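fold the following, please.
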Amino acid sequence: LNSSSSRSSAASSYCEIKFFILYLHMGRSSRGTYVSLFVRNISHRTRPEDLRRAFEKYGPIKDVYIPKDFYTGESRGFAFVQFLDIRDAEDAKRYMDRSMFDGREIAVMFAEEDRKTPGEMRDRERRVRRSRY
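Numbers count the residues shown, from 1 in each chain. Below is the predicted model of the structure:
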């Protein structure tokens, strides 16, 4: 084996692994596939429209969701931004991670889980509140 052949093979393997990792972060909907980014440390006054405006410059967005505390109705300080295309989500993550947004440095990563239903969030909040007391 010559060195250019093994470099080419290594680059190909790296691309396949990178694609597989991105595939693991993808969700499925009845309309196709989407990719969710998890955005941490957003301001409590940040609105979905603010995030949409900032992230849509990287590509079409399916949804922006800011979870709220079940009891207070206030933002929990994080959000999910769903892209229609993996490459757009990858670009948004690359350029928005550790950037200043609405007076705060945000952290952007691929979401590891699907978005929770309101019932799942209520149950989780109850468990967390009980464990504190």
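
quick one: buried residues of the lengthiest strand in the chain?
Once the chain is assigned using DSSP state E, the strand that runs over the most residues is strand 32-40. Residues of strand 32-40 classed as buried: 34-39 (neighbour count, 16 or more other C-beta atoms under 10 Å). Placement of C-beta: from N, CA and C, glycine included.

what's the answer for stretch 88-100, then?
88-93, 96.

ramachandran angles for Arg52?
Here is the backbone geometry of Arg52 (degrees, to the nearest 10): phi -60, psi -50.

isn't it right next to Ile61, touching?
Yes - taking contacts as C-beta atoms under 8 Å, Arg52 lies within contact range of Ile61: 5.8 Å.

these two: which is more packed in?
More crowded of Arg52 and Ile61, by other C-beta atoms under 10 Å: Ile61, with 21 against 13.

is it true that the more buried one touches Glu49?
No - Ile61 is beyond contact range of Glu49, at 11.1 Å (criterion: C-beta under 8 Å).

between Arg52 and Ile61, which contacts overlap?
Overlap of the contact sets of Arg52 and Ile61 (by C-beta atoms under 8 Å, 6 or more residues apart in numbering) consists of Val81.

for the chain, what spans make up the helices?
For the chain, applying DSSP state H gives helices covering 3-24, 48-55, 86-96, 118-132.

tell me the average confidence for the last one?
Averaging the model's pLDDT scores along helix 118-132 yields 71.

and the closest residue in space to Arg47 that isn't next to it in sequence, how many neighbours?
Nearest non-adjacent residue to Arg47, counting by C-beta to C-beta, 6 or more residues apart in numbering: Ile66, 7.6 Å away. Counted by other C-beta under 10 Å, the residues lying close to Ile66 total 19.

residue contacts, Glu125?
Glu125 is in contact with 69-71, counting by C-beta under 8 Å, 6+ apart.

same question for Arg45.
Counted by C-beta under 8 Å, 6+ apart, Arg45 has contacts 75, 102.

quick check: it vs Leu84, distance?
Distance of Arg45 to Leu84, given as C-beta to C-beta, to the nearest Å: 28 Å.
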